[in-house]
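Peer 1: Quick one, what's the 3D model for this:
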Amino acid sequence: MTVKKDGEVHVIYCDECPEDIETGLVEFGAAVAMSRVAGWRTFKGPDGKWANACPACVLTFAMSKGKKP
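Peer 2: Numbers count the residues shown, from 1 in each chain. Okay, here's the model as predicted:
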């Protein structure tokens, strides 16, 4: 899971592409909640580590599995 602090606020990075979301929020939990509202998803990857995916990558993955977004 790639979440970094830029100064005092959290920035969440997609682990599949170069996209990021600047949350403007100091609290980690609030930043993650905001990213979910914006369509981002957090998942456990095949390596067992947590990862983030932006809305475009979530859509691409869903379409590759034959699922509707």
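
Peer 1: from here on, contacts and neighbour counts on C-alpha atoms
Peer 2: OK.

Peer 1: so where do the strands sit in the chain?
Peer 2: For the chain, applying DSSP state E gives strands covering 2-6, 9-13, 20-22, 41-44, 50-53.

Peer 1: Give the other helices and strands that the last one contacts.
Peer 2: For strand 50-53, the elements it packs on are strand 9-13, strand 41-44, judged by 3 or more Cα pairs under 8 Å, 6 or more residues apart in numbering; DSSP states H and E.

Peer 1: Low-confidence regions, the chain specifically.
Peer 2: Counting by pLDDT under 70, the ranges of the chain that qualify are 1, 4, 6, 65-69.

Peer 1: Apply 80 and report the result again.
Peer 2: By pLDDT under 80, the low-scoring segments of the chain are 1-7, 45-46, 61-69.

Peer 1: Which residue lies nearest the spatial centre of it?
Peer 2: Residue closest to the mean C-alpha point of the chain, counted by Cα atoms, centre = their mean, is residue 52 at 3.4 Å.

Peer 1: end-to-end on stretch 38-46?
Peer 2: Its start and end residues considered, stretch 38-46 measures 24 Å (Cα to Cα, to the nearest Å).

Peer 1: What residues of that stretch count as buried?
Peer 2: Judged by neighbour count using 16 or more other Cα atoms under 10 Å, the buried positions of stretch 38-46 are 40-42.

Peer 1: Same check on stretch 22-39?
Peer 2: For stretch 22-39, by 16+ other Cα under 10 Å, it's 22-23, 25, 28, 31-32, 34-36.

Peer 1: Touching, residue 40 and residue 53? I think so.
Peer 2: Yes. At 5.7 Å, residue 40 counts as touching residue 53 under the criterion of Cα atoms under 8 Å.

Peer 1: need the contact list for residue 10.
Peer 2: Contacts for residue 10 (Cα atoms under 8 Å, 6 or more residues apart in numbering) come out as 3-4, 22-28, 31.

Peer 1: picking that back up, take the buried residues of stretch 22-39 and write them to a markdown table, including distance to residue 8.
Peer 2: Listed next are the buried residues of stretch 22-39 as a markdown table, based on distance: Cα to Cα, whole Å:
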| residue | distance to residue 8 |
| --- | --- |
| 22 | 11 |
| 23 | 11 |
| 25 | 8 |
| 28 | 11 |
| 31 | 12 |
| 32 | 15 |
| 34 | 16 |
| 35 | 17 |
| 36 | 20 |
